[in-house]
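In: Have a look at this prediction, sequence included:
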Amino acid sequence: MKAENVKINSFEEKRSWIFAGFIFLLFPFIFNPFLQDQDFLPKNIALCISIIIVGLSLIFDKNPIALSKNAKYFFLLFVVFIISTILSSHKIVNIDEGYSAFFMNILPFLLLFTMLKSKGLIDLNKWAILSCYSIFILFTIVLGQIIFGYITEDDFIINFSIRATLSNKNFISEALILYLPFNFYGIVFGDHKRKKVALIALVLNISLILILQTSSALLALFIPLLLFFPIYQKLYSTSSVLPKIKLKYILPAITLGIVLFFITGSKTRVAGKIQIAQNYISTDFTKIIAEDDSSNMNSVYERFLLWNNSYKLFLENPITGMGLSNWRILYSKYGIGGAYYLNSGVMHFEHPHNELLLLLSESGIISLLAFLSMFGYIILIAWKKRKTETGKINIIFITSILGFLIMALFGYPYHRPLSITLLILIFASVLSTGESKGSKWPVYFALLLSIVFLRFLLIKYSNTEHMANALLLQSKGRFEPMLKELRQIDIKHYSIDGTGTPINWYIGFANFYSGGDSALHYFMEAEKQNPYHVQILSDIGASYENLGNHHKALEYLNRAIAITPRFREARLNCSIAYFNMGELEKALENINVISINPSSENECVILQTIFSKYVIQESNFKQNSVYLQCLNRLTQNNAELLKLNIECSKNNLNFIALLNSHCGNLN
């Protein structure tokens, strides 16, 4: 009997080490550099596999742990959250994307309940030491990328080219914030050697957060710390375990953080964004999207615009929302523009950079309240356990959970595999108190859903590989091979890509440039899947114009312009349609809304052709020789005509009125 217990304990210990090693030494570094989103699918596939493996091991476990009372209450909140998201399912436009969003909502919690049923799997001692090595690896990768950047580029700045294995620097910073409680645990409860390792990891962690200068991560670092450090200090000042911890370990790390906060320019960066944000608080975005203002070329404007649109979407369906995964095909419904890169039509968003607004707009107020209740309940349980000796680390857990919610206001850590997994480890640590024997039904539940989701993810992964190959061929102008690659995508299971652009649009695009005649059909199919995609609407308009159907062309082009008033391609196509209809003034008005690119021969030719035809028309009706001479001079002087175009576009002027003023028309 005794030997059997040793065997069981040995198995649990090995399982615990393997799981901890996977989470901290393998999982953060799983990615595929050739995919649109390099780590999202690979990491989620790995997470599914890990849940399945742990679940299978639990099926043969003779002593599964019973869920604690706290865990059961949490599970009820989770059920309410899931039901509320299901209520919005009838509004889903693209079924495959709706399934994907649903599974993404529940996958982290499947991991949580699997961990809570596994004896020995939740081990903060192992997590604390292995998280340090994970940070060492991340720090080395990021530092290497920064050094390489400074060596190879004269004017290198730390931007989204710093990605490590987490897609971009913001996702790295978000994950680092959630590594912090494990660093602190190592400092507080580790032996002398592990304390030193954890302290070094903590210093590197904070340094890297400050170097990367992600504003939401900086706020998530300092705001909870300032709120809870006095409580933390009070709890540890009487600790019999580490009476000098605040002086020997914590204060040097905090001091270094404050110094780096100032010398890295983080203070200036955060203050600058706050100042910019104040300018947009009372902005009427219905007016500003019609502008092309360089001052709007910043992430603060982008977020305020998306938040404004998201709130309007919420008001349409406040109870059940607009449907899972529908945000990225409906956000532009209320207009996108105001900056050059937004007016170009090439920028598409998959998320409003606010997890709470995404949940509110897609699933409604009930879903948001259930989501926040889960967080609130975890914080409450952690707070209640604060006075126990080992429970004092829960103050750090609370700061990390609050930090996560702060980051969720400006980014999407809930939808990043590493960030949400680290948060689930924190949740598991707070809820893990059950030791009695329990049933296995939560394990079967998690196992079944994980297997279903894994199959779904593997199909999607195969399709994204074909998509990545197609995009590479597109960049090389090889449209026939691109079309063949796109034909291999199973549109039933992968209807739109990460930018919200339907695969049907890509097929239509490749078909058009490879000489096919069915582009319009695919554009129309794409429009059903994303009715507010300005590029799709413009391409449909252009296709109808090529068929000579001017009125149908203008119908779609004007829909694109209503969304993005300065969308260059739509305005050019609109001017061509009006030109072909003989409405030259409207043609000139449309083309002069945008600033013609002098280096674009096509744009210059369109402007010159329309204007020359307009001059001929005017000469048949106007007798003012001075005015006509001015018009003829402009037809010969492209530079002067472009100067008028820039003045008209920059100042939102009527081109005909400006032309009359410029040429001194007295009639």
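Out: Great, that's in hand.
In: Touching, R568 and I591? I think so.
Out: No - using CB atoms under 8 Å, R568 makes no contact with I591, being 9.9 Å away. In short, each C-beta sits where N, CA and C put it, glycine included.
In: The one helix or strand S57 maps to - contacts with which helices or strands?
Out: Here S57 sits within helix 40-59, counting by DSSP states H and E. Under the contact definition 3 or more CB pairs under 8 Å, 6 or more residues apart in numbering; DSSP states H and E, helix 40-59 sits against helix 2-21, helix 95-116, helix 417-431, helix 441-475.
In: Now do that helix: distance to the chain's middle.
Out: The chain centre lies 24 Å from the centre of helix 40-59; the measure is CA atoms, centre = their mean, to the nearest Å.
In: do stretch 602-613 as well
Out: 40 Å.
In: Going by neighbour count, which residues in it are buried?
Out: 603-604, 606-608, 610-613 (16 or more other CB atoms under 10 Å).
In: Return the closest of those with respect to G190.
Out: E603 (64.7 Å; CB to CB).
In: tally of neighbours for the closest residue in space to that closest one that isn't next to it in sequence?
Out: The shortest distance from E603 to any non-neighbouring residue, by CB to CB, 6 or more residues apart in numbering, is to I596 (4.8 Å). By other CB atoms under 10 Å, the residues close to I596 number 22.
In: Now do the same contact list for the residue nearest to L324 when sequence neighbours are not counted.
Out: In space, and not counting its chain neighbours, L324 is closest to A101: 4.1 Å by CB to CB, 6+ apart. Applying CB atoms under 8 Å, 6 or more residues apart in numbering to A101 gives the contacts 324-325, 362.
In: Can you pull out the low-pLDDT segments for the stretch 1-150 of the chain?
Out: 1-9, 61-65 (pLDDT under 70).
In: my guess is T214 contacts S173, does it?
Out: Yes - the pair T214 / S173 is scored as a contact, 3.7 Å apart, by CB under 8 Å.
In: the inter-axis angle of the helix or strand containing E362 versus helix 95-116?
Out: E362 is part of helix 355-363 when elements are defined by DSSP H and E. Calculated by axes from the mean of the first three to the mean of the last three CA atoms, to 10 degrees, helix 355-363 forms an angle of 130 degrees with helix 95-116.
In: hey, which of the helices and strands packed on helix 40-59 is tucked in deepest?
Out: Among these, ranked by average contacts under mean count of other CB atoms under 10 Å, first place goes to helix 417-431 (a mean of 24).
In: Quick one: mean pLDDT for stretch 179-197?
Out: The pLDDT scores in stretch 179-197 average 88.
In: Please give the centre-to-centre distance between that stretch and its chain.
Out: With CA atoms, centre = their mean as the basis, stretch 179-197 stands 32 Å off its chain's centre.
In: so what's F102 up against?
Out: 85-86, 89, 324.
In: do the same with V452
Out: V452 neighbours (CB under 8 Å, 6+ apart): F103.
In: Now do it, the pLDDT please.
Out: 87.
In: start the count at 415, not 1, going forward
Out: Sure thing, new numbering starts at 415, so read that last one as V866.
In: how deep is L816 tucked in, by neighbour count?
Out: Using other CB under 10 Å: L816 sits among 18 other residues.
In: Isn't it up against F636?
Out: No - if you go by CB under 8 Å, L816 and F636 don't touch, sitting 11.4 Å apart.
In: Can you tell me which residue sits nearest the middle of the protein?
Out: H765 (4.9 Å; CA atoms, centre = their mean).
In: Skip the chain neighbours and tell me the closest residue to it.
Out: In space, H765 is closest to Y826, 4.7 Å off (CB to CB, 6+ apart).
In: how about that neighbour, what does it touch?
Out: Residues near Y826 by CB under 8 Å, 6+ apart: 765, 767-769, 772.
In: and the gap between the closest residue to P831 other than its chain neighbours and I463?
Out: Excluding its sequence neighbours, the residue lying closest to P831 (CB to CB, 6+ apart) is K457, at 3.5 Å. In this view, K457 and I463 are 11 Å apart by CB to CB, to the nearest Å.
In: Then I793?
Out: Taking CB to CB, one finds I793 at 31 Å from I463.
In: Same question for L816.
Out: 31 Å.
In: do the same with A974
Out: Taking CB to CB, one finds A974 at 43 Å from I463.
In: How about N963?
Out: 52 Å.
In: and if you look at R830?
Out: 18 Å.
In: L1045 now?
Out: Counting by CB to CB, the gap from L1045 to I463 is 71 Å.
In: Between those two, tell me which one has more neighbours.
Out: L1045 (22 against 14).
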